[in-house]
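**Student:** Sequence plus predicted model, see below.
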There are 2 protein chains.
Amino acid sequence: MAGRGLPEGFVRGLREALGARVLDRPSDLDRYAADALGVGAPPDLVVTPDRTEEISTVARLCHEHRVPLVVRGAGTGYTGGAVPTQGGVVLAMERMNRILEIDEVNLLAVVEPNVINGDLQRAVEAVGLFYPPDPASLDSSSIGGNVAECAGGPRAFKYGTTKRYVLALEAVLPGGEVIHTGSKAVKNVVGYDLTQLLVGSEGTLAIITRITLRLIPKPPARATIAGSFPGVQEAVDAVTALLYERVVPAAIELIDKDSLRAAEQYAGTRVAEGDALLLIECDGTPTAVEEEVVRVKRACTVAGALDVRRSTGDADNDNLWAIRRQVSLALRATGLHKINHDVVVPRGRIPKLFDVVDELRRDFGLRIACFGHAGDGNIHVNLMIRPDDEDERARATRAERVLFERVVALEGSISGEHGIGFAKKAYLSLELDSAQIELLKRVKAAFDPHGILNPGKIF
Amino acid sequence: MAGRGLPEGFVRGLREALGARVLDRPSDLDRYAADALGVGAPPDLVVTPDRTEEISTVARLCHEHRVPLVVRGAGTGYTGGAVPTQGGVVLAMERMNRILEIDEVNLLAVVEPNVINGDLQRAVEAVGLFYPPDPASLDSSSIGGNVAECAGGPRAFKYGTTKRYVLALEAVLPGGEVIHTGSKAVKNVVGYDLTQLLVGSEGTLAIITRITLRLIPKPPARATIAGSFPGVQEAVDAVTALLYERVVPAAIELIDKDSLRAAEQYAGTRVAEGDALLLIECDGTPTAVEEEVVRVKRACTVAGALDVRRSTGDADNDNLWAIRRQVSLALRATGLHKINHDVVVPRGRIPKLFDVVDELRRDFGLRIACFGHAGDGNIHVNLMIRPDDEDERARATRAERVLFERVVALEGSISGEHGIGFAKKAYLSLELDSAQIELLKRVKAAFDPHGILNPGKIF
């Protein structure tokens, strides 16, 4: 029977507090055994609280009984952050899914963690406001998960990642204390910035139970430019030209040949002439968009685009972006196993990153599909391996270390938006030196002295 | 003799490492006894290191001998953050003042902490780039100090405060270890975000020795609108109208009657017809600026402006903003003692904040001059008191607690950009509950177990 390894008093306490919302049937537990990474093991118990007080109780019980506690949002993460590695309890946020407030005067929203990103976007756009962070998973990932991982997305190029929009948090500490960080004011320098410390902390420091987000006015106009190029090199030249020309579109996304062909096959339509596609979104006032479109088209043409077309309207815009968002699904639909690394380099060093990818293809004989946020230097490098080919898997493992080493040598980072979870923790010391890792562990202990929150992650 | 209370081995170690750059003459020490707050006491010794290794040595010695260590930048802070309260050593950053790199391809700059903000702005603008944070002290305050306090400024309305531009830090821990947080990539989610934790930590966690800043393209055009209003109420109405109309200028600054008259007297020119002035900066492409200027003028006129004029060119722009930046100096030149509180409320609640100020004027019989970042809800509320009037000082002290209570009740914060230092630490618990303060102290201990860095600040 599930939950058997847990202390009896602990399980009793949980049931007293949450009743039937303590789940222990194997079929229930199995549903929480993996996230988008596809690797994991079931927890001993799952709880589905519906308010902060219940979460506080769960935390306190886990803290007192030293039971691992893994917070789970929508389970769309790529690094295993929402999956237990040492059993214990999964705290599933699925009932904490209300938009509590959209404040048009103060330009902010208050949400519970499991509000789906896309639902929030639609709700605020209905009143002329805008929540920019747009991970490809926006129709399935939760704001709480976005905050825990500091999700990005195409529009991060112009608008920044999730952290730029988090003003305040309610969070539960392992001992059960409820803290309130930040405020509804857009500036706040009272005490250390725990708000930003919790953003991206991957569920290891505290349990985020309420989120206050800064909103901005919705840009009144937008247009998407689709530039088709002979290959990645020409597309990257166009990106470099835009950076040099000081043009800042909302998004500059790159899709390479393998990704493009997979996406086209998945969607059943031909999208681009060449072997690389740039999707560039311009937004702002109507005249500003027109000015930017001219400059973007020129940069693409000068860099050697085979075809540059502008979306014909909102529906066409959405279609183009749907293709981009489906690249991940499309690559998985090839039947190959996709190992996704969201490495990031200083934005001008994208050409060097693609040199590294070519080197990996050559040296390790791997298929590698790349796409992502070219303007930010944040490219999803997907090692595509045959599921049953042990040798290929071993080569991929060697290749990923080389990839990470090269990225760090380029003064970049091994993760731009997916986090470390357990998938990348073996590589942490490639990027951070031991003094910093020790410091991070002391910070962890300041929040979670018994190490119950998401153990086995990051470190 | 100065330094006498310090352990002998400690002073000897310092002199071995820094030689003549250990200062102990009373005249030297007195220069480091106060910052812009004007309150303080001299340290026992001052050191002026010129590289990270020396700073590491100083930190290690202080850590081993339990000697307080206060980092000082340009000394322009308003909360006493750079001033010792328990003697010890002031680590003066004045020799660490080089711009190390301006990287036009990757849109970033690397600087030592004592680079003056205005010098960096001019250097990056010379190559078409832009560093937005613009505290009024920009011609005298240092980037390191700006980072330590998370300085804002008028342009924070559109562009955000200092924290939005800090990508990476080199910092020295009290034990002497040198850490490197963040990276040159614009996204990075590897480990906890120590970069943002150090921003605004007021010199209490680590010694920042090198700063990597994100830059953005310089907006090609700008224009300033000066709107003169009968009083604060009408000016605030114009701000509210702009927020409702979803117009986001670069800056919306408000100067009230007392501040305006002081600034005019100081500058020797009449600036505004009425008793309140709004300065609104529009920037962007030339056409975007023209569009925005039309909307801004209309909002001012509808709200009851007596006069709305647009700057005639760059020189005129600069003159208008010089007046705004001199308000603080001008208020001090009145001969009254100025107690500056940079409170902040959710941006739509500015009218309520001015109601609070009126209440304080009435209930405590005080002169209060207000100016600041209206678009952000961040208003500098200056209690102006006669230096020798003990009763007035006592009333000001009572008024400031009421001010802070009201601001917190409005879901704002007692400091938007100046920090806590020792000036506001008695009020910390108005905004943060005890569980959070205890957590902040544990975070402090994770960095600085012996509490040598800037003791007596924040807590």
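**Tutor:** Here it is on my side, so go on. Numbers count the residues shown, from 1 in each chain, chains lettered A, B, ... in the order given.
**Student:** so who does the spatially most central residue of chain A touch?
**Tutor:** Compute the mean C-alpha point of chain A, and by Cα atoms, centre = their mean the closest residue is A:Ala151, 3.5 Å away. Residues near A:Ala151 by Cβ atoms under 8 Å, 6 or more residues apart in numbering or on different chains: A:Asn117, A:Pro133, A:Pro135, A:Ser137, A:Ser141, A:Gly145, A:Thr161, A:Thr162, A:Glu417. The C-beta positions use only the backbone N, C-alpha and C, and glycine is treated the same way.
**Student:** Would you check that the last one makes contact with A:Cys150?
**Tutor:** Going back to what we said before, that points to A:Glu417. Yes: contact criterion Cβ atoms under 8 Å: A:Glu417 and A:Cys150 qualify, at 6.5 Å.
**Student:** Which residues are in contact with each of those two?
**Tutor:** Here A:Glu417 and A:Cys150 share the contacting residues A:Thr161, B:Val189, scored by Cβ under 8 Å, 6+ apart.
**Student:** what helix or strand does A:Ala288 sit in?
**Tutor:** Secondary structure from DSSP states H and E places A:Ala288 in helix A:286-302.
**Student:** Report the angle between that helix and helix B:286-302.
**Tutor:** 170 degrees (axes from the mean of the first three to the mean of the last three Cα atoms, to 10 degrees).
**Student:** which is the next helix or strand following helix A:286-302?
**Tutor:** Helix A:286-302 is succeeded, C-terminally, by strand A:307-310 (DSSP H and E).
**Student:** For A:Leu61, the count of nearby residues, please.
**Tutor:** Counted with other Cβ atoms under 10 Å in any protein chain shown, residues neighbouring A:Leu61 total 25.
**Student:** show me what contacts it?
**Tutor:** A:Leu61 neighbours (Cβ under 8 Å, 6+ apart): A:Phe10, A:Gly13, A:Leu14, A:Ala17, A:Val67.
**Student:** Excluding sequence neighbours, find me the nearest residue to A:Gly75.
**Tutor:** Closest residue to A:Gly75 apart from its sequence neighbours, by Cβ to Cβ, 6 or more residues apart in numbering or on different chains: A:Asp35 at 4.2 Å.
**Student:** Could you check how far that neighbour is from chain B?
**Tutor:** 16 Å (Cβ to the nearest Cβ, to the nearest Å).
**Student:** A:Pro84 is in contact with that residue, correct?
**Tutor:** No: with contact defined as Cβ under 8 Å, A:Asp35 and A:Pro84 do not form a contacting pair (10.7 Å).
**Student:** Name the residue in these two with the higher neighbour count.
**Tutor:** A:Pro84 (26 against 22).
**Student:** For my notes, confirm that one occurs in a helix.
**Tutor:** No: judged by DSSP: H, G, I helix; E, B strand; the rest coil, A:Pro84 forms no part of a helix; its state is coil.
**Student:** part of a strand, is the residue nearest to A:Gly75?
**Tutor:** No: A:Asp35 sits outside any strand when classified using three-state DSSP, being coil.
**Student:** Could you pull up the residues touching it?
**Tutor:** Counting by Cβ under 8 Å, 6+ apart, A:Asp35 touches A:Arg72, A:Gly75, A:Thr76, A:Gly77, A:Tyr78, A:Gly80, A:Gly81, A:Ala82, A:Val83.
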